[in-house]
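Predicted model and sequence below, questions to follow.
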Amino acid sequence: MIVFNKELDFDLQNPEVIRTWIGEAIDIEGFKVGELNYIFVSDENLLEKNIKFLNHNTLTDIISFDYTMGKLVSGDIFISIDRVLDNSKTFKTTFENELHRVMIHGVLHYCGFKDKSEEDKKIMREREDFHLNRLKL
């Protein structure tokens, strides 16, 4: 089950299409959908979580709590709408494209993809692009 929640005034566009897209991405990566909870929050809210749970006093676009067991993908993915908006301007893309990239990025982590090394970042970006190209809105 993939659920979208919010702690601010934000409405995800095309939630059923996005839910199907995420589920298909998980399937393509060889996993199954468990309990995925996306929570859309403000910078302030995500900063509090970053400090409290990760001891990082920095703004970020996403924090994920991975509860995946074996091939069953589960977790809580917190996304700062403020950061996504700012990053869309920085990277000269649409807000929606940046939001979808961040959403699939979190899921790819749950599927075992990393992004610490340059090689890992390259692979992660390739998988993000692959799945973004599959999203038909």
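Happy to help now that I have it. Residues are numbered from 1 along each chain as shown.

And the contacts of stretch 88-104?
Outside stretch 88-104, the residues that touch it by C-beta atoms under 8 Å, 6 or more residues apart in numbering are 13, 18, 22, 25, 38, 61-62, 77, 79, 81, 84-85, 87, 127-128, 131-132, 135, 137. For glycine as for every other residue, the C-beta is placed from the backbone atoms N, C-alpha and C.

Out of those, which sit inside strands?
Within these, residues falling in strands by DSSP state E are 38, 62, 77, 79.

before we move on, back to that, can you go through the contacts of stretch 88-104 and name the buried ones?
The neighbour count (16 or more other C-beta atoms under 10 Å) marks 18, 22, 25, 38, 61-62, 77, 79, 81, 84, 87, 127-128, 131, 135 as buried among the contacts of stretch 88-104.

and the two most separated of those?
Set against one another by C-beta to C-beta, those have their most distant pair in Ile81 and Arg127, with a gap of 23.4 Å.

In this structure, what residue spans correspond to helices?
In chain order, the chain shows helices spanning 15-28, 43-54, 81-90, 95-110, 118-134, with DSSP state H as the criterion.

and those as CSV, adding mean pLDDT and distance to Asp66?
Rendered in CSV, the data for these read as follows (pLDDT from 0 to 100; distance: least, C-beta to C-beta, whole Å):
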stretch, mean pLDDT, distance to Asp66
helix 15-28, 98, 13
helix 43-54, 93, 12
helix 81-90, 97, 20
helix 95-110, 97, 5
helix 118-134, 97, 15
